[in-house]
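Novice: let's see this in three dimensions:
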Amino acid sequence: MKAVLTYLYFGAYPSRQPGDDSEETSFPSGKFVWFLYHATVYVLADKWAIEPLKTLALAKFTNAGAVAYLETEFLDVIELVYKTTPEKSKICQVAASLVKRYSAIVCANDESRSRFQEIEGLAADLASLFMGWTEDSIKHWRFGNEVEID
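Specialist: Just a heads-up that it's a prediction; the model follows:
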């Protein structure tokens, strides 16, 4: 909430790179914490329809995800994103892209693979990414017949 109010007053919200202790915050340090923080800011901005803040939080979420994928809580943040934002939101697309990019590490053991399968919507988004489907792909071929998808 503090980040949203800071953004509304100053046009930015504080964040720091993992390991940077130069900025005083009430947050513990760690790659996971900043990944979660930016996801939460996005969720709040989405809830209150603050589009510029969503864009900023999405960029920071993407950058934080590029270093947080090694953390054991990575899939916890992905799950939060899928549970708290609308289907097909930009942050879900970014989250799926991060999982795809780091899938060899993120899904390296049985526990993480089963967690990955439990996150509703993620498997479908990953299938779309791996198959190269886009939002503009509104027609599929099934048994030789063109079928429109709603």
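
Novice: report the contact partners of residue 80.
Specialist: Residues counted as contacts of residue 80 (C-beta atoms under 8 Å, 6 or more residues apart in numbering) are 36, 39, 40, 43. Using the backbone N, CA and C atoms, a C-beta is placed for each residue, glycine as well.

Novice: just those now: which is nearest residue 65?
Specialist: residue 39 (8.9 Å; C-beta to C-beta).

Novice: ramachandran coordinates for the closest one?
Specialist: Main-chain torsions, residue 39, degrees, to the nearest 10: phi -60, psi -40.

Novice: angles on the backbone of residue 60, please.
Specialist: Taking degrees, to the nearest 10, you get phi -70, psi -40 for the backbone angles of residue 60.

Novice: rewinding a little: just the ones of the contacts of residue 80 in helices?
Specialist: Of the contacts of residue 80, the ones assigned to helices by DSSP state H are 36, 39, 40, 43.

Novice: one step back: can you redo the contacts of residue 80 as CSV with pLDDT and distance to residue 80?
Specialist: Putting the contacts of residue 80 into CSV (pLDDT from 0 to 100; distance: C-beta to C-beta, whole Å) gives the following:
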residue, pLDDT, distance to residue 80
36, 92, 7
39, 94, 6
40, 93, 8
43, 93, 8
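
Novice: now for the residues you listed, which sits with the most neighbours around it?
Specialist: residue 39 (26 neighbours; other C-beta atoms under 10 Å).

Novice: quick one: residues contacting that residue.
Specialist: When contacts are counted by C-beta under 8 Å, 6+ apart, residue 39 touches 57, 61, 77, 80, 81, 91.

Novice: and which of these is nearest to residue 102?
Specialist: For the contacts of residue 39, the nearest to residue 102 is residue 77 (12.7 Å; C-beta to C-beta).

Novice: buried set for the stretch of helix or strand residue 4 belongs to?
Specialist: Taking DSSP states H and E as the criterion, residue 4 maps to helix 2-10. By neighbour count with 16 or more other C-beta atoms under 10 Å, helix 2-10 contains the buried residues 3, 4, 7.

Novice: can I assume the first one is in contact with residue 42?
Specialist: Translated: residue 3. No - Residue 3 is beyond contact range of residue 42, at 10.2 Å (criterion: C-beta atoms under 8 Å).

Novice: any idea how far whichever strand or helix holds residue 34 is from the middle of the chain?
Specialist: Element membership for residue 34 (DSSP H and E) is helix 31-47. Relative to the chain's own centre, helix 31-47 is displaced by 9 Å; criterion: C-alpha atoms, centre = their mean, to the nearest Å.

Novice: many thanks, have a good one.
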